[in-house]
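> Sharing a model prediction with you, sequence too.
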Amino acid sequence: MVASNTLYTTTAKQEFLNSNIGEDWKALSEDLASKSKLKYNSNISLAILGEAGPIPSSNYKIGQIFISITTESKSETYEHNLRGSRQDIINRSVNNAIWDLINFIKKL
């Protein structure tokens, strides 16, 4: 089974997690990946959270992203600092997520 969720707003993330969210995006990406794995009863889950710009909406710098991947027995979070336009950062985030996922699976 493949499931996908896109949670863009803070409110959507809070509703999905059923709790208030903090300022720590690394921890938030980990929470989103864990909750998604449980909600969809999947073997593996991935969450991407970051600042794509062009105007910062957080305390994080533009291009700073977190990719969290979790299974029943293992979790890892990767931090990337990307450059470019908003669309470049989004595209590079996806590419990094695929690369991180491949490397994660190789280590299982």
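On my side now, so go ahead.
> check contacts around Gly22.
For Gly22, the set of contacting residues under the criterion of C-beta atoms under 8 Å, 6 or more residues apart in numbering consists of Leu28. Quick note: C-beta positions are derived from backbone N, CA and C, even for glycine.
> Can you tell me the SS state at it?
Secondary structure, DSSP: H, G, I helix; E, B strand; the rest coil: Gly22 is coil.
> same check, this time on Thr11
With three-state DSSP as the basis, Thr11 sits in helix.
> so how far is Ser75 from the spatially most central residue of the chain?
The C-alpha lying nearest the average C-alpha coordinate of the chain belongs to Ile48 (C-alpha atoms, centre = their mean; 1.9 Å). Ile48 sits 15 Å away from Ser75 when distances are taken as C-beta to C-beta, to the nearest Å.
> which residues in this protein form strands?
With DSSP state E, the ranges of strands along the chain come out as 45-50, 64-70, 75-81.
> which of the ones you listed sits most buried?
Each of those was scored by mean neighbour count; the highest is strand 64-70, a mean of 24, by mean count of other C-beta atoms under 10 Å.
> circling back: which one of the strands of the chain lies nearest to Asn18?
If you check each of the strands of the chain against Asn18 by C-beta to C-beta, strand 45-50 wins as the nearest, at 15.8 Å.
> contacts for that closest one?
Residues outside strand 45-50 that contact it (C-beta under 8 Å, 6+ apart): 25, 28-30, 32-34, 36-37, 60, 63-71, 80, 89, 93-94, 97, 101.
> and it, average pLDDT?
Average pLDDT, strand 45-50: 95.
> ok, now stretch 55-67?
Averaging pLDDT along stretch 55-67 yields 94.
> Taking strand 45-50 as reference, get the angle to the one helix or strand in the chain whose mean pLDDT sits lowest.
Scoring the helices and strands of the chain by mean pLDDT, DSSP states H and E places helix 10-17 at the bottom, with a mean of 90. Using axes from the mean of the first three to the mean of the last three C-alpha atoms, to 10 degrees, one finds that helix 10-17 and strand 45-50 are set 160 degrees apart in direction.
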